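**Q** Generate a structure from the sequence data that follows.
(2 chains)
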Amino acid sequence: MMAGPTIFVIDDQKSIRHALGEMLGVFGFTVETYESADSFLRAIGQPRGGCVVADVRMPGTDGIELVRELGRRKLFVPIMRRAGRSKREARWSGVRRFGIVSTGQSCS
Amino acid sequence: MAGTFLAAYVALEWVSSIYEYKSLPITPWDPGLGVLFALIVRAGLPGGFVLCVGIIIAEIFVLQSQREWLVIIATGAITSSSYTFTAATARRYLRLDVGLTHLRDVLVLLGAGLVGAVIVAVLLTPLLIAAGQIGTGDILAASVPLLVGDIIGIAVISPLLLRFAFRRREIALGRLLSFAPEGVLYVAVIGAALWAIIGSGGEYGFRLFYLLFVPVVVAAVRHGLDGACLSLAVTQLGLVGLLHLYSYDARAFTEFQALMLVLTATGLIVGVVVSERQNSDRLVREAEARLKEKEAEATQAARFNLVSGMASALAHEINQPMTAARALARSAQHILRTPHGDLMRADRNLTTMIAEIDHASGVVRHMRDFLRRGRPHVSTVEIQGMLEEALTLVRAEASENQIRIELDVSSDLPPIHGDRIQLQQVVLNLIRNAIESIVGARQTDGCIRVVARRLDAPQRIEIGVSDNGPGVSDELAERLFHPLTTSKHEGLGLGLPICTSIVEAHGGRVWLQTRRAGATEFQFSLPLEQSRAM
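**A** Next comes the predicted model:
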């Protein structure tokens, strides 16, 4: 794997994971895709440059838990979330606390 | 309105005044009175005034009566007030329905006419005697034809007018024309019978009178009171015309009119009984149609309720492939804009993108089919496909709540006859109930299984929906299938009763197989033979 910033795409939906990964890849980013926050957290050992694009609602550790966990581990990766489905998720308290990038919209 | 009736009355008096008895006009039948009696029954007192004025005008101008003014006015007043009185009595105290929908109404109408005519005869005779117009020996000769003429006029004309002129019924021209050949036949038969009766003359003619019963009764049986009224009017007109043509005397005329009275009473009574029967048949049919309509509406409403409950999940289910498709489109676009881009990769992206769009439009299509308005539609339903389609609508909501849905359909299932959408409604209802039960218990390991099996004796397919939710309480199980029962806070509780009515319409039944926590299962059966058409 080449060095440099990596985009970590985390989504339990295979079609989304694949499409986002494909697009970002075509645009020249290094992309890694994970089907759950847990597998991502297991795979990522030490701080690495890059950012995370994650779904909020996922089985196991959800998006909000993921942000908290990354904060706990001091992994300051910016996180872009995909649009949430409820107001509670849209507000997403974690965003401000960890100073994380939030686009508030589906990836474009 | 009043003017029209007045003119009609005077004209009819002119037409029908044929004989005189000692310079006393004896109308052998009085169609004008029939017209105005209908008006009086319908409109009350104003009709009475029209009759009074009409009588006076007719006496002076049509009959050119030489009687004293006082006698003429008294005649008008007595006649009109008698009929107005009996008509008012019939309407107020005997509750006469002017639409003549029941046998009772026809009898009351005829009775009112009869009583009115008798009162008129009883009151007018002394007046005429006092005025020196007739002697006491002429009472019968003068009053009987008067009585018969008045009654026959009322019996033939009044029901006809009440049925046709006063009821604003939409009589479609096409429908009317379709009766034309039959009408011509009636007229021909009546004409032939009349010709035989009148042409053969005298005593023999009377004996042939029964021939007229045939067309009148047939018309009454086939078309109810309307047919009776029309055929009677035709018969009476023909009879009067021929009697006049063959110069029958007043005595024979009255005898024929007495026979005609019997025919009229028979025709009207048969007609109204048939009409009553037809009416009640129609009402039953309409009520059945309305009930069916309401059932279809309730089922439809329940479907909307089902889908609107899943709306946000369904929106997500449609949005998801769109998001993927957009990303893939951007990716393909970027490749195409890059010199010497990897066209194979762009092609792969586009292929995947098409599949994503197809998926989204499939969800939309299924949803639209499911919400489609309309009557139950029976077709051949293949169970596996039907269940898979139903699952596309509920999968999003299940995965949103981290519930797995498993589908297990045995491979030997024959297709059944039924309404695909309604069967999907049953399955979706059961699955949604399962989802809500799992979500209500805040379980995170939810699992729903949909199983379809073929069973023998009797040949049937059983479809079960089981979940590992908290089960169904004793108390809820008791009243589960009754309307307006729900264990959900926001639910309408319409689900299971509608499932029951749908499945029963397919000849099957729905039941709660097990209700333990962790193993709740609803099942329904669909018979393979004699799958009833709905």
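**Q** Return the list of helices and strands in contact with the longest helix seen in chain A.
**A** Longest helix of chain A, by residue count under DSSP state H: helix A:14-26. In terms of contacts (3 or more Cβ pairs under 8 Å, 6 or more residues apart in numbering or on different chains; DSSP states H and E), helix A:14-26 is packed against strand A:6-10, strand A:30-34, helix B:311-337, helix B:343-371. For the C-beta atoms, the positions are set from N, CA and C on the backbone; glycine is no exception.
**Q** Of all the ones you listed, which one is nearest B:Ala8?
**A** Closest approach to B:Ala8 among the helices and strands packed on helix A:14-26 is made by helix B:343-371 (58.6 Å; Cβ to Cβ).
**Q** Can you give the distance of that closest one from its chain's centre?
**A** Here helix B:343-371 is found 48 Å from its chain centre; the criterion is Cα atoms, centre = their mean, to the nearest Å.
**Q** can you check stretch B:511-531 too?
**A** 39 Å.
**Q** How about stretch B:84-104?
**A** In terms of Cα atoms, centre = their mean, the centre of stretch B:84-104 is found 25 Å from the chain centre.
**Q** Can you give me the buried ones in it?
**A** Applying a neighbour-count criterion of 16 or more other Cβ atoms under 10 Å in any protein chain shown, one finds B:84-91, B:96, B:98, B:100, B:102-103 buried in stretch B:84-104.
**Q** Can you get me the start-to-end distance on that stretch?
**A** 20 Å (Cα to Cα, to the nearest Å).
**Q** Flag every buried residue along stretch B:219-230.
**A** Neighbour counts over stretch B:219-230 (16+ other Cβ under 10 Å) mark B:Ala219, B:Ala220, B:His223, B:Gly224, B:Leu225, B:Asp226, B:Gly227, B:Ala228, B:Cys229, B:Leu230 as buried.
**Q** If we only consider those, which is nearest to chain A?
**A** B:Gly224 (64.8 Å; Cβ to the nearest Cβ).
**Q** wait, what's in contact with the closest one?
**A** Applying Cβ atoms under 8 Å, 6 or more residues apart in numbering or on different chains to B:Gly224 gives the contacts B:Gly271, B:Val272, B:Val274, B:Ser275, B:Gln278.
**Q** Tell me how many other residues surround the closest residue to it other than its chain neighbours.
**A** For B:Gly224, ignoring the flanking residues on the chain, the nearest one in space by Cβ to Cβ, 6 or more residues apart in numbering or on different chains is B:Ser275 at 3.3 Å. By other Cβ atoms under 10 Å in any protein chain shown, the residues close to B:Ser275 number 23.
**Q** what does B:Leu336 give?
**A** The number of residues packed around B:Leu336, counting by other Cβ under 10 Å, is 11.
**Q** for B:Ser331, same thing?
**A** Neighbours of B:Ser331 using other Cβ under 10 Å come to 26.
**Q** doesn't B:Arg348 make contact with it?
**A** No. Applying Cβ atoms under 8 Å, one finds B:Ser331 not in contact with B:Arg348, separated by 9.7 Å.
**Q** before we move on, back to that, between the contacts of B:Gly224, which is closest to chain A?
**A** For the contacts of B:Gly224, the minimum distance to chain A (Cβ to the nearest Cβ) is 60.3 Å, reached by B:Gln278.
**Q** Now do the strands in chain A.
**A** According to DSSP state E, chain A carries its strands in the segments A:6-10, A:30-34, A:50-54, A:79-81.
**Q** Can you lay out the ones you listed as TSV showing mean neighbour count, mean pLDDT and distance to chain B?
**A** Formatted as TSV, those follow (neighbours: other Cβ atoms under 10 Å in any protein chain shown; pLDDT from 0 to 100; distance: least, Cβ to the nearest Cβ, whole Å):
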stretch	mean neighbour count	mean pLDDT	distance to chain B
strand A:6-10	23	86	10
strand A:30-34	19	91	11
strand A:50-54	22	81	11
strand A:79-81	22	60	13
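**Q** can I get those in a markdown table with distance to B:Leu528?
**A** A markdown table is the format used below for these (distance: least, Cβ to Cβ, whole Å):
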| stretch | distance to B:Leu528 |
| --- | --- |
| strand A:6-10 | 49 |
| strand A:30-34 | 48 |
| strand A:50-54 | 50 |
| strand A:79-81 | 52 |
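**Q** To B:Val214, which of these lies closest?
**A** Smallest distance to B:Val214 across the strands of chain A (Cβ to Cβ): 90.5 Å, for strand A:79-81.
**Q** For B:His134, which three-state class applies?
**A** Check again: residue B:134 is Ile, not His. Classification of B:Ile134 using DSSP: H, G, I helix; E, B strand; the rest coil returns coil.
**Q** Return the backbone torsion pair for B:Gly464.
**A** The phi/psi pair for B:Gly464 (degrees, to the nearest 10) reads phi -120, psi 140.
**Q** do B:Gly518 as well
**A** When quoted as degrees, to the nearest 10, the phi and psi of B:Gly518 stand at phi 80, psi -10.
**Q** Now it: closest residue in space that isn't a chain neighbour?
**A** B:Asn468 (4.9 Å).
**Q** neighbours around B:Val381, how many?
**A** For B:Val381, the number of neighbouring residues by other Cβ under 10 Å comes to 20.
**Q** Assign a three-state SS to B:Leu128, would you?
**A** Applying three-state DSSP: B:Leu128 is helix.
**Q** Give me the below-cutoff pLDDT ranges for chain A.
**A** Within chain A, the stretches with pLDDT under 70 are A:1-4, A:46-49, A:75-108.
**Q** mind redoing it with 80?
**A** A:1-5, A:44-50, A:56-60, A:62, A:71, A:73-108 (pLDDT under 80).
**Q** ditto for the stretch 251-400 of chain B
**A** Residues of the stretch 251-400 of chain B that meet the criterion pLDDT under 80 lie in B:251, B:309-310, B:313, B:372-376.
**Q** So which bits of it are right by chain A?
**A** Residues of the stretch 251-400 of chain B found near chain A (Cβ under 8 Å from any Cβ of the partner chain) are B:312, B:316, B:320-321, B:323-328, B:330-331, B:334-335, B:345, B:349, B:352-353, B:356, B:359, B:400.
**Q** at 7 Å what do you get?
**A** B:312, B:316, B:320-321, B:323-324, B:327-328, B:330-331, B:334-335, B:349, B:356, B:400 (Cβ under 7 Å from any Cβ of the partner chain).
**Q** What's the ChimeraX syntax to select whichever of these are buried?
**A** One line in ChimeraX is enough to select the buried ones among these; burial here means 16+ other Cβ under 10 Å:
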select /B:316,320,321,323,324,327,328,330,331,334,335,349,356,400
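**Q** Next, give me the two most distant ones among the residues of the stretch 251-400 of chain B next to chain A.
**A** B:Ser312 and B:Ile335 (34.8 Å).
**Q** what's the spacing between whichever strand or helix holds B:Glu475 and its chain's center?
**A** Per DSSP states H and E: B:Glu475 is located in helix B:474-478. For helix B:474-478, the separation from the chain centroid amounts to 42 Å (computed by Cα atoms, centre = their mean).
**Q** now that helix: mean pLDDT?
**A** What helix B:474-478 shows for mean pLDDT is 75.
**Q** Report the next helix or strand after it in sequence order.
**A** helix B:495-505.
**Q** So which elements touch that next one?
**A** If you count contacts as 3 or more Cβ pairs under 7 Å, 6 or more residues apart in numbering or on different chains; DSSP states H and E, helix B:495-505 packs onto helix B:250-309, helix B:420-440, strand B:510-516.
**Q** quick check: angle from the second one to helix B:495-505?
**A** In this case it means helix B:420-440. Interaxial angle of helix B:420-440 relative to helix B:495-505 (axes from the mean of the first three to the mean of the last three Cα atoms, to 10 degrees): 150 degrees.
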